[in-house]
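> generate coordinates for the sequence data below:
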Amino acid sequence: MRIWLLRKSGQPLALSIGSVAIERGTGIVLIGLMISACLPAVWVSMHNPALRQTLAFAGPMMLVGLVIAALADKLTVRWLPGRVAGPLAWLGEGLRRLARHPMHLLEIALLGVVASITGLLAAYVVGEGLGIGLGLPAYIVLVGGALLLSVLPISLGGWGVRELGMVALFGAVGVRAERAMALSLIWGLLPLVVSLPAGLLWWLGGKATPASEIVVGSDGAQLSLDREMHRPR
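Here you go, the predicted structure:
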């Protein structure tokens, strides 16, 4: 939807796809780092060594992947077709541009952490109502891990994959499958319910910002990138 709205406002395809890809990519990396940082909360109760090691290295490996993505166009762009090389070069340049502006990078990181914590806190509240009885750090690891699985492009909106991930991860610390499944279903429906009023308002009168209204400064592309990456969801 965001890519479509950006294109409708007159933005180039590379900017439309790249800005959303950077936002999603950095958000996934932040969740991975949060999982690795909170893993001690479930280390003792999780008796699967392979699963513990996978979760421990999830964040650092994703961070390495993001760095590789920022440099990939320098290494492979010359051997790729133009349709692939163009977006890849834009993506790499966009990530490097963020790295050159620490305050922008810090702002994106803080917004990503707050957004992730808000969603995971909602899962914690639902889990408390279901009697699961784990602390918030455990939810960051378990629900966050299932969320990473749901990002894989093998389902519609992560449905099914997220439920299997929840059952497996919560089961690894002794939570019954039916409670983990109920948590996943309720948590998956919450964003739909919460966003419905805003969706109706947008349908009735919302408009995308016309390209002519976007302010361009001396570094043109940088300002456009930052503006689109900070557009509210």
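
> where in the protein is pLDDT low?
Along the chain, segments meeting pLDDT under 70 span 73, 75-87, 206-233.

> ranges for the helices of it?
With DSSP state H, the ranges of helices along the chain come out as 2-8, 13-38, 49-76, 82-99, 102-129, 136-150, 161-171, 177-205, 221-229.

> Serialize these to JSON lines and add fields for mean neighbour count.
All C-beta atoms are positioned from the backbone trio N, CA, C, and that covers glycine. Shown next, in JSON lines, are the helices of the chain (neighbours: other C-beta atoms under 10 Å):
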{"stretch": "helix 2-8", "mean neighbour count": "16"}
{"stretch": "helix 13-38", "mean neighbour count": "20"}
{"stretch": "helix 49-76", "mean neighbour count": "15"}
{"stretch": "helix 82-99", "mean neighbour count": "17"}
{"stretch": "helix 102-129", "mean neighbour count": "15"}
{"stretch": "helix 136-150", "mean neighbour count": "24"}
{"stretch": "helix 161-171", "mean neighbour count": "21"}
{"stretch": "helix 177-205", "mean neighbour count": "14"}
{"stretch": "helix 221-229", "mean neighbour count": "18"}
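
> next, the contact list for Leu190, please.
Ala122, Val126 (C-beta atoms under 8 Å, 6 or more residues apart in numbering).

> look up how far Leu183 lies from it.
11 Å (C-beta to C-beta, to the nearest Å).

> and what of Ile140?
In terms of C-beta to C-beta, Ile140 sits 14 Å off from Leu183.

> joint contacts of Leu190 and Leu183?
By C-beta under 8 Å, 6+ apart, the residues touching both Leu190 and Leu183 are Val126.

> list the contacts of stretch 176-186.
123, 126-127, 130-132, 143, 146, 162-163, 165-167, 169-171.

> how about that stretch as PDB, C-alpha atoms only?
Written as PDB, here are the backbone C-alpha positions of stretch 176-186 (Å, rounded to 0.1, in the frame of the first residue of the first chain):
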ATOM      1  CA  ARG A 176       0.600 -25.500  25.900                       C
ATOM      2  CA  ALA A 177      -0.100 -25.400  22.200                       C
ATOM      3  CA  GLU A 178      -3.700 -24.200  22.500                       C
ATOM      4  CA  ARG A 179      -2.700 -21.200  24.500                       C
ATOM      5  CA  ALA A 180       0.100 -20.200  22.100                       C
ATOM      6  CA  MET A 181      -2.300 -20.700  19.200                       C
ATOM      7  CA  ALA A 182      -5.000 -18.500  20.800                       C
ATOM      8  CA  LEU A 183      -2.300 -15.800  21.500                       C
ATOM      9  CA  SER A 184      -1.200 -15.800  17.900                       C
ATOM     10  CA  LEU A 185      -4.700 -15.600  16.500                       C
ATOM     11  CA  ILE A 186      -5.800 -12.800  18.800                       C
END
